[in-house]
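1. Take a look and give me a structure for this.
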Amino acid sequence: MGNTLDKPETEKTTERSSPVTATAVRPHGLDDSAVTLTWGASCMQGWRTTMEDAYHCHTIESVRVISASNDAVSVEYELPFPHYLFSVFDGHGGTFAAEFANENLLRVLEKQDSFQRYVALVGTATPTPAPRNAQQKANSRSKTTRRKTTGRGARDPKRTTNTNTNTNTREASGIDLVRDALETAFVDLDYELLTALRSKNVPDNPDEPTPAAHPPKDHSDDAPPSPPIPIVTPPSESGTTATVVLITPDWMVCANAGDSRAVLYACNKHASSGIATMVTPLSVDQTPDLPLERERIERANGTVTSGRRALVDGR
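-> Here you go, the predicted structure:
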């Protein structure tokens with residue numbers, strides 16, 4: 001899992017956001033209300049030779065939705081209330097996996113069919129002026145990002161956005177779409193990470209020796225000798241857990257992979273009983289020593305070895 005230091009690096013890096021206040025324009029006919037959000041994060045490197053973890057808070061105010069019938073056509077949808085995407089990635093075996101997941105999660109989530117349908121359900125389309133001439137039309141098409149057409153989250157042209165205005169139906173379909181979007185985003189992001197690791201030509205941890213590939217020799221007399229190019233022999237050991245929480249005006253939805261955890265701490269003041277606190281787990285550990293996870297691994301022809309900790313295929 002990589003080299004370790006002789007003693008842990010205990011200096012902490014702490015970040016805190018400025019308070020963000022927004023008015024929630026409820027999509028289901030509920031009363032509008034002002035919400036103030038402040039977040040903070042603190043990181044410590046520990047025993048690892050480099051900081052292998054990453055985190056982010058994204059504010060999502062609008063999303064470009066691709067047409068179900070024509071991938072070259074898209075419409076910008078404004079959300080009635082900012083959505084907040086919090087993510088924490090506990091990396092291991094190098095920095096690459098956590099940094100890659102941190103940089104690409106939002107992009108992968110926003111292109112999921114379920115998320116685009118959710119945005120179209122609760123958001124408001126922003127009119128886009130038509131191009132004035134054929135050249136502008138061509139430029140507009142060339143700048144449009146085409147969504148993925150393969151994988152679990154790819155758009156199915158036969159699927160259409162639910163326009164039922166019944167409150168219960170909208171709420172049920174909305175939460176289901178958000179859940180499905182996070183699930184398929186995890187699958188697609190995992191596939192992109194695996195593809196990136198297999199094509200990467202730099203080592204995950206510079207302190208670890210890696211095989212070397214030598215470039216073609218330059219036969220000119222003045223050319224200096226070319227150094228070997230370090231490569232990673234797949235499969236790389238770089239990996240990461242993922243804990244993600246998406247906050248909408250109506251729900252707080254958590255998705256996780258691995259054993260990083262998310263909890264909800266609530267503190268309410270009551271005139272009669274004083275302060276009441278409540279802690280609610282949002283995530284469930286995904287570790288091979290859990291019966292359901294072990295069963296899933298073995299169904300996929302994997303093996304679990306028990307010892308100081310449960311290992312999958314000896315890793």
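
2. Neighbours of N301, how many?
-> Close neighbours of N301, defined as other C-beta atoms under 10 Å, add up to 7. All C-beta spots, glycine's among them, are computed from the backbone N, C-alpha and C.

3. now swap in T36 and tell me
-> Considering only other C-beta under 10 Å, T36 is surrounded by 8 other residues.

4. Wasn't it part of a helix?
-> No. Counting by DSSP: H, G, I helix; E, B strand; the rest coil, T36 falls outside a helix, being strand.

5. Surely it is in contact with S17?
-> No. At 11.0 Å, T36 and S17 do not qualify as touching, with contact defined as C-beta atoms under 8 Å.

6. how near is G93 to L106?
-> As defined by C-beta to C-beta, to the nearest Å, G93 lies at a distance of 24 Å from L106.

7. Between these two, which has more neighbouring residues?
-> Between G93 and L106, G93 has the larger neighbour count (other C-beta under 10 Å), namely 20 against 15.

8. Would you mind giving me the confidence score for that one?
-> With respect to pLDDT, G93 scores 87.

9. And for R117?
-> At R117, the pLDDT value in this model is 93.

10. name the element it belongs to?
-> Taking DSSP states H and E as the criterion, R117 maps to helix 113-122.

11. burial of L282, as a residue count?
-> Neighbours of L282 (other C-beta under 10 Å): 15.

12. ah, wrong one, I meant A125
-> 12.

13. which ones are touching T277?
-> Y265, A266, C267, N268 (C-beta atoms under 8 Å, 6 or more residues apart in numbering).

14. Just give me the closest of the residues you listed to C57.
-> Closest approach to C57 among these (C-beta to C-beta): Y265, at 17.1 Å.

15. Packing partners of the helix or strand containing that closest one?
-> Taking DSSP H and E as the definition, one finds Y265 inside strand 263-270. When contacts are defined as 3 or more C-beta pairs under 8 Å, 6 or more residues apart in numbering; DSSP states H and E, strand 263-270 packs onto strand 274-281.
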